[in-house]
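*Asks:* what's the 3D shape of this:
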Amino acid sequence: MNNVPKLIVFSAPSGAGKTTLVRHLLKQEELNLAFSISAASREAREGEIDGVHYYFLGIKEFKQRIRDEKFLEFEEVYKDQFYGTLKTEVERLWAQGKNVIFDIDVVGGLRLKKKFPDRTIAIFVKPPSINELQIRLKKRKTESQEKIAMRVAKASTEMATAPQFDVIIENDDLDQAKNKAYRVVQDYINAPVASHEEE
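*Replies:* Numbers count the residues shown, from 1 in each chain. Below you'll find the model as predicted:
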């Protein structure tokens, strides 16, 4: 068993199913995973708890922490909607000896991979098609038609980044996707860390 804590990044267009896969993996105790809670500039939605779902900072505080270089990565996902990974969050989980799993957007995922190339696996979850993605987002009934249209438009750009990831999991059949995600993560956690820091 390898004792160097690692980063497991899951990224995908909204509605592709990455959150479902991440939740599944977190239940597998032998993987020793802990979830990295992202920071958000927006207000909490109904039922969301600060420090559980996100760290809700507000736009002013978020921008201050950007200036103070408190983030490993951050992204303005939509106009004035920032999300990011706080350095303190990853340090906290690594101090517990945990492998850290992320459910973040594609830009943030690739930035983490670049920052920690030797201890990060970046996994892209791909929906069967943009059309299927649209159907899934509508079924959620959590967002307006306008918001869904924004997410679908963004999805085409996000899909184009898939080849930059280490692994692509197509979420056509959920059980198969769960099995593949488990195998990929288990193999990565058990593999020795290869150092390329001199490059």
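
*Asks:* the helix or strand of the chain with the lowest mean pLDDT packs against which elements?
*Replies:* Scoring the helices and strands of the chain by mean pLDDT, DSSP states H and E places helix 130-140 at the bottom, with a mean of 79. Contact here means 3 or more CB pairs under 8 Å, 6 or more residues apart in numbering; DSSP states H and E; on that basis helix 130-140 packs against helix 145-159. (C-beta placed from N, C-alpha, C; glycine too.)

*Asks:* and the least confident helix or strand of the chain with helix 145-159, angle?
*Replies:* 140 degrees (axes from the mean of the first three to the mean of the last three CA atoms, to 10 degrees).

*Asks:* and the longest helix belonging to the chain, what does it pack onto?
*Replies:* In the chain, with assignment by DSSP state H, the single longest helix is helix 174-190. If contacts are counted by 3+ CB pairs under 8 Å, 6+ apart, helix 174-190 sits against strand 7-11, helix 18-26, strand 120-126, strand 167-170.

*Asks:* how about the CA coordinates for that helix, as PDB?
*Replies:* Output of helix 174-190 as PDB, limited to C-alpha atoms (Å, rounded to 0.1, in the frame of the first residue of the first chain):
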ATOM      1  CA  LEU A 174     -24.200   3.900 -14.400                       C
ATOM      2  CA  ASP A 175     -23.200   0.600 -12.900                       C
ATOM      3  CA  GLN A 176     -20.400   0.100 -15.500                       C
ATOM      4  CA  ALA A 177     -19.200   3.700 -14.900                       C
ATOM      5  CA  LYS A 178     -19.100   3.000 -11.100                       C
ATOM      6  CA  ASN A 179     -17.100  -0.100 -11.600                       C
ATOM      7  CA  LYS A 180     -14.600   1.600 -14.000                       C
ATOM      8  CA  ALA A 181     -14.300   4.500 -11.600                       C
ATOM      9  CA  TYR A 182     -13.500   2.200  -8.700                       C
ATOM     10  CA  ARG A 183     -10.900   0.200 -10.600                       C
ATOM     11  CA  VAL A 184      -9.200   3.300 -11.900                       C
ATOM     12  CA  VAL A 185      -9.000   4.900  -8.500                       C
ATOM     13  CA  GLN A 186      -8.000   1.800  -6.700                       C
ATOM     14  CA  ASP A 187      -5.100   1.100  -9.200                       C
ATOM     15  CA  TYR A 188      -4.000   4.700  -8.900                       C
ATOM     16  CA  ILE A 189      -4.000   4.800  -5.100                       C
ATOM     17  CA  ASN A 190      -2.000   1.500  -4.900                       C
END
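
*Asks:* how far does that helix sit from the chain's center?
*Replies:* 16 Å (CA atoms, centre = their mean, to the nearest Å).
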